[in-house]
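Novice: below are the sequence and a predicted model; questions follow.
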Amino acid sequence: MDAVFAPPGEHWQRVSPRLATVRRISLSVACGVPLLLVVVLAVLSGWTWAWLLVLPFVVALVWGWVLIGRQVPAWGYAEREDDLLISHGLLFKSLVVVPYGRMQFVDVQAGPLERRYGLATVQLHTASPATDARIPGLPHAEAARLRDRLAALGEARAAGL
Amino acid sequence: MTDRPDDLVPTDEPMPVHFRRLHPLTPLLRGWVWLVAAVAFGGQDAIREGEVVRLAIIAPVVAVVGFVAGLASWWFTRYGIDGGDLRIESGIVFRRSRRVRLDRLQAVDVVRPLAGRILGVSELRLEVAGGGSTEAPLAYLSADDALALRAELLARAAGIDAATPEAPERPILSVPFDHLVVSTLLSGTFVVGALLIVAMGVAAALLGPQEMAIGVLPLMLPGLIAVVGALYQQVVRNFGFTIAESPDGLRIRKGLLDTTAQTVPPGRVQGVAIHQPLLWRSRDWVQVKVDVAGYAGSPGGEVSTSILLPVGSPAAAIDLVGRALPGAEPLTVPLSPAPRAAMWFAPIAWRRLAVGVDGRVVVVREGLLHRALTVVPHAKTQSVRLHQGPLQRRLGLATAHVDTTPGPVDAVVRHRPALEAREFVLAQADRSRAARRADTPERWMLPSAARPDLTDAPVAPVSIARPGHVTEHAGQVDADSLDEPAEVPQPSRTEQLGRLPGPDEP
């Protein structure tokens, strides 16, 4: 972790490693289904060149698999006294600072797969749609704690627009 | 945000007796849209099939149905002030009750479409943040009612007595007609469109009539659209553009066919951008755009509502910026240019990239051909972001974003040295927090109001309990409880404050 995206204090709070599992499952579905179709097509047609079509999906699967393994540990957040910091990304790194007083509302979302693994995504919204403050892969208890804490802090520090 | 049960339970509340209906001509004004639609759609069929008689029957029927629906909707729509909020009750089958918190009012516009001007009615648009569109349009009111209601809403939003008459105003500037025309002729859209038309004209002359009809004329259309659009946007919409200052904020009037009178109260401007298209340089002209929460989703979009100055001199622009963002002096902010490494991303324009910060605002300069200067007050910063791509990492650069409410103003600090950008982002969060405490409160007329633009004006001697000693209203959970509660009991009617005189004394 370089100094530019270093945590402001001691260290980043990390998201659950189970997020990698969730993402790999969705990746496998997204790449695996078309891959199977292509394989079936190649076998049925008997055309050797058709096997070339398999390549992009295999590459995407392997590449995505490796990338997810590195991306998930790169998510981090830090609750400071007056603002929340979120950092993520490997190739394209980003760091978002959201003052609690600017928060308009907090979302907690969990898809079926995330729920299965006990995870949820917390997202903060400000009056600016550009604010990209999303923390995926939080265990349910942590997501609920964070939501309540953010809501309470947002109320205490609230300011007008 | 606030969980008010009345937002969720529309119909159970009794309708206060003082609630009023919209202007009786409303169904007529809205009904003609139905007639036009019927004629437009039915007319096509009629012409194609030669059944004009059917159209003659159907069109009036549709118009009558539309009129009756409009009549019913008009009958069931009422509005009024209820408990300090504006409440609008509407709907026949699906009842809707909407409350607009007046302290959260971002802007009030009085719009008069051409037909409305003929019939003497206006539409009142209340802009509040967070709405996808103009959330509280009152269409239509009689012209006098609209003005009276606007005065009342602004007085209540300011936190003074509701019966206070409309505040006086002092004109700042008006844009001459020839400036509008010439600035359009020099705008990129117009020039490109005109070139396209000329090119097609030349092609037509070379090709001969038959090819022209098939291939060239349709290609002229985009050019025509661009030219007419640019003229409409700048000359017709901004016709007679005047801007005035009053204790209620900035007032903008404009429009040739549909007229618009915008009022942006103090402290509602979220950011300002000064633009200079390439060809405007010959005349030394600039344009000023603003971010006001709620305008981005208003009908006609931010393009028409977010203009603070359609065309004018840099001095006038800087003067306006100082009024829109009191205390901001963007030209005196020392700018620090982007490092040389930025040339890998902007080979020529990197020399123009610069950022500066002072006690009140962030200033971002960019654009080599189309110059732009973006000014965002610390107090209006919603969040701050730092981004770095792989190439930027190799070069030790990063880009910072200062996020504001949606609109034409985006402060993007491109290609700074990475560690400096990080420092900027973290410091900006601190600056914004500090600045918010000193920012204009939502009820800008209350004594706690910091009104640097009116410090010369005599302050009416009023004794109101100091904000610090006042307990917060129940229900007003999102008042700024840290420093100065934005919610202070309204001065009672006996303490008639009266609108402060504007700064129009010499």
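Specialist: Received it, and whenever you're ready, just let me know what you need. Residues are numbered from 1 along each chain as shown, chains lettered A, B, ... in the order given.
Novice: going forward, measure contacts between C-alpha atoms and count neighbours the same way
Specialist: Will do.
Novice: show me the strands in chain A, by range?
Specialist: Along chain A, counting by DSSP state E, strands occupy A:13-14, A:76-79, A:83-88, A:93-99, A:103-109, A:119-126, A:133-139.
Novice: pLDDT score for the residue nearest the centre of chain A?
Specialist: Closest to where the C-alpha atoms of chain A average out (Cα atoms, centre = their mean) is A:Pro136, at 4.3 Å. We note a pLDDT of 95 for A:Pro136 in this prediction.
Novice: who touches the closest residue to it other than its chain neighbours in this structure?
Specialist: Nearest residue to A:Pro136 in three dimensions, chain neighbours excluded: A:Thr121, at 4.1 Å (Cα to Cα, 6 or more residues apart in numbering or on different chains). Contact analysis of A:Thr121 by Cα atoms under 8 Å, 6 or more residues apart in numbering or on different chains lists A:Asp107, A:Val108, A:Gln109, A:Ala110, A:Arg134, A:Ile135, A:Pro136, A:Gly137, A:Leu138, A:Ala143.
Novice: check B:Val175 too.
Specialist: With contact taken as Cα under 8 Å, 6+ apart, B:Val175 is in contact with B:Gly240, B:Phe241, B:Thr242, B:Pro310, B:Val311, B:Gly312.
Novice: repeat that for 7 Å
Specialist: Counting by Cα atoms under 7 Å, 6 or more residues apart in numbering or on different chains, B:Val175 makes contact with B:Gly240, B:Phe241, B:Thr242.
Novice: neighbour-wise, which one of the residues you listed leads?
Specialist: In terms of neighbours by other Cα atoms under 10 Å in any protein chain shown, those top out with B:Phe241 at 25 neighbours.
Novice: now that one: phi and psi?
Specialist: With angles defined as degrees, to the nearest 10, B:Phe241 sits at phi -60, psi 120.
Novice: distance of the residue in chain A sticking out farthest from the centre from A:Val38?
Specialist: Distance from the C-alpha centroid of chain A, by Cα atoms, centre = their mean, peaks at A:Gly46 (40.8 Å). When distance is defined by Cα to Cα, to the nearest Å, A:Gly46 is 12 Å away from A:Val38.
Novice: if we can go back for a sec, among the contacts of B:Val175, which are within reach of chain A?
Specialist: Contacts with chain A within the contacts of B:Val175, as defined by Cα under 7 Å from any Cα of the partner chain: none are present.
Novice: closest to chain A among these?
Specialist: Closest to chain A out of the contacts of B:Val175 is B:Thr242 (26.7 Å), distances taken as Cα to the nearest Cα.
Novice: and the spatially most central residue of chain B, how close does it get to B:Pro406?
Specialist: The central residue of chain B, meaning the one whose C-alpha is nearest the mean C-alpha position (Cα atoms, centre = their mean), is B:Tyr295 at 3.6 Å. B:Tyr295 sits 8 Å away from B:Pro406, taking Cα to Cα as the criterion.
Novice: now stretch B:102-118: average pLDDT?
Specialist: Computed over stretch B:102-118, the average pLDDT equals 89.
Novice: please apply the same query to stretch A:75-83.
Specialist: Confidence for stretch A:75-83, expressed as mean pLDDT, is 92.
Novice: buried sites along it?
Specialist: Counting neighbours by 16 or more other Cα atoms under 10 Å in any protein chain shown, one finds that the buried residues in stretch A:75-83 are A:Trp75, A:Gly76, A:Tyr77, A:Ala78, A:Glu79, A:Asp82, A:Asp83.
Novice: stretch B:195-203 too?
Specialist: By neighbour count with 16+ other Cα under 10 Å, stretch B:195-203 contains the buried residues B:Leu196, B:Ile197, B:Ala199, B:Met200, B:Gly201.
Novice: same thing with stretch B:29-36?
Specialist: Going by 16+ other Cα under 10 Å, stretch B:29-36 has these buried residues: B:Leu29, B:Arg30, B:Gly31, B:Trp34, B:Leu35.
Novice: who's B:Ser122 bridged to?
Specialist: Counting by DSSP bridges, B:Ser122 forms beta bridges with B:Leu141.
Novice: isn't it up against B:Ala115?
Specialist: No - between B:Ser122 and B:Ala115 no contact is recorded; they are 9.7 Å apart, counting by Cα atoms under 7 Å.
Novice: apart from its neighbours in sequence, what residue is nearest residue 88?
Specialist: Unless you meant another one, I'm taking chain A. Using Cα to Cα, 6+ apart and skipping the chain neighbours, the partner closest in space to A:His88 is A:Trp75 (4.4 Å).
Novice: looking at chain B here, not the other one
Specialist: B:Tyr79 (4.4 Å).
Novice: so how far is chain A from that neighbour?
Specialist: Using Cα to the nearest Cα, to the nearest Å, we find B:Tyr79 at a distance of 26 Å from chain A.
Novice: make sure that residue is indeed in a strand.
Specialist: Yes - when DSSP: H, G, I helix; E, B strand; the rest coil is applied, B:Tyr79 is found to be in a strand.
Novice: hang on, isn't it packed against B:His23?
Specialist: No - in terms of Cα under 7 Å, B:Tyr79 does not count as a neighbour of B:His23; the distance is 11.4 Å.
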